[in-house]
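Asks: quick one, what's the 3D model for this:
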Amino acid sequence: MINLACRRRSKTYAPVVKIIFLVDTGSPVTYLSKDAIEALIGKKSENLPSSIHVLIQQQEIAVECHMSPEKSYFADVNVLGINFLSKLGLTMSMDFKMDQFTLNK
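Replies: So this is what the prediction gives:
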């Protein structure tokens, strides 16, 4: 799990929202829960978009994030997929002795 600062790309002065992600290198895309999308949009709505572009932990590159499928086991989970790592040119290092991982540029 990793806590990252996120902001909508389409709004210049959109607020930064801290979102906790589960890192899943087996997921081809990044998913956001309904609550996370509502926090980024700034309002609760019945008609949320199925995906939005989000600046995650930086200001230059937006990553397309899909809404977590409503009737799935991970509907309430924010999943950081391989599209994020690939688009930002990141690698992941695992330290099993310390029970931690790092994302490296």
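Asks: list phi and psi for the residue nearest the centre of the chain.
Replies: Against the mean C-alpha coordinate of the chain, by Cα atoms, centre = their mean, the closest residue is L80 at 5.0 Å. L80 adopts backbone torsions of phi -90, psi 110, taken as degrees, to the nearest 10.
Asks: show me the contacts for it.
Replies: I2, L4, F21, L22, V23, D24, T30, I56 (Cβ atoms under 8 Å, 6 or more residues apart in numbering). C-beta here means a position set from N, CA and C on the backbone, and glycine is covered the same way.
Asks: of those, grab the buried ones for ChimeraX.
Replies: In ChimeraX, a selection of the buried entries from the contacts of L80 looks like this (16 or more other Cβ atoms under 10 Å):
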select :4,21,23,24,30,56
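Asks: follow-up on the earlier one: partners of the residue nearest to the centre of the chain in the sheet?
Replies: Assessed by DSSP bridges, L80 has beta-bridge partners V23.
Asks: tell me the pLDDT at it?
Replies: What the model reports for L80 is a pLDDT of 96.
Asks: so how far is Q57 from it?
Replies: Plainly put, L80 is 10 Å away from Q57 if you go by Cβ to Cβ, to the nearest Å.
Asks: contacts for the top helix by length along the chain, please.
Replies: The longest helix of the chain (DSSP state H) is helix 34-41. Applying Cβ under 8 Å, 6+ apart, the contact partners of helix 34-41 are 6-8, 14, 17, 19, 32, 44-45, 48-49, 52, 54, 65, 67-68, 70, 75-76, 78.
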